[in-house]
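K.L.:
Kindly return the folded structure for what I paste below:
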Amino acid sequence: QEDTQTYPAVTRQTIQPLLSVFLTFLLTLSCFPGLTTLISSQPFGAGMEWYDTVIVLFFNLGDVAGRGSIGFLVRSHLRGKRWPKLLLPEKGEEVKGKLLFPVLLRFGFVVVFPLLVKRPQPPLVVFLLVFSLALTNGYAASLAMVTAPKMVEGGKERVVNVMLLGLFAGLAVGSAVGT
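P.N.:
Take a look at the predicted model:
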């Protein structure tokens, strides 16, 4: 099938998923790994030399769980299970106003992580916050990438290109902000 829409038209139609994926990666890389590895931990006994490695482990586990949750929701939806529209929008029209909501909630991490840097924290608190950051990262990014193609008729290849531009821009800006 040929792309029948221009890039500006596709961008206008997918602006929410585009902003969602951009802001998701901007926020994530603003906090991780830079801020999260600056958080000092209260003594946890032997093995504190592994602290940063365990933070990365929890991030990776959360990210995989977040990305996998979209697949789980889609598969169970195909089997007849209905999920709240905020978790898994069914059509592009239903997305308006809902796709950015989980992403905007994630900006709470920008407030929390700098506060944690000021004094030592229990390791479990840090690990769970990093896991939460990653879980929401995987979920929000996957939701945006899955939703965007459903919002455009006849421009799927261009949707992919526009979304990749948003993803790469979020990675670049987030990396610059997070250093």
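K.L.:
in this structure, which spans are helices?
P.N.:
7-13, 15-31, 34-38, 51-78, 92-95, 100-105, 108-117, 123-147, 156-178 (DSSP state H).
K.L.:
Which of those helices comes out lowest on mean pLDDT?
P.N.:
When these are compared on average pLDDT, helix 92-95 comes out lowest at a mean of 54.
K.L.:
returning to what we had before: deepest-packed of the helices of the chain, please.
P.N.:
Highest mean neighbour count among those (mean count of other CB atoms under 10 Å): helix 15-31, with a mean of 23. Glycine gets a C-beta too; all of them are placed from N, C-alpha and C.
K.L.:
Which secondary structure elements does it sit against?
P.N.:
helix 100-105, helix 108-117, helix 123-147, helix 156-178 (3 or more CB pairs under 8 Å, 6 or more residues apart in numbering; DSSP states H and E).
K.L.:
repeat that with 6 Å
P.N.:
helix 100-105, helix 123-147, helix 156-178 (3 or more CB pairs under 6 Å, 6 or more residues apart in numbering; DSSP states H and E).
K.L.:
Format the CA atom coordinates belonging to it as CSV.
P.N.:
Taking C-alpha atoms only, helix 15-31 is exported to CSV below (Å, rounded to 0.1, in the frame of the first residue of the first chain):
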residue,chain,number,x,y,z
ILE,A,15,1.0,14.7,17.3
GLN,A,16,-0.1,13.1,20.7
PRO,A,17,1.9,9.9,20.2
LEU,A,18,4.8,11.9,18.8
LEU,A,19,4.9,14.2,21.8
SER,A,20,4.3,11.2,24.1
VAL,A,21,7.3,9.3,22.8
PHE,A,22,9.5,12.4,22.8
LEU,A,23,8.6,13.4,26.3
THR,A,24,8.9,9.8,27.6
PHE,A,25,12.5,9.5,26.5
LEU,A,26,13.4,13.1,27.4
LEU,A,27,12.2,12.5,30.9
THR,A,28,13.7,9.0,31.3
LEU,A,29,17.2,10.1,30.1
SER,A,30,17.0,13.2,32.3
CYS,A,31,16.7,11.0,35.3
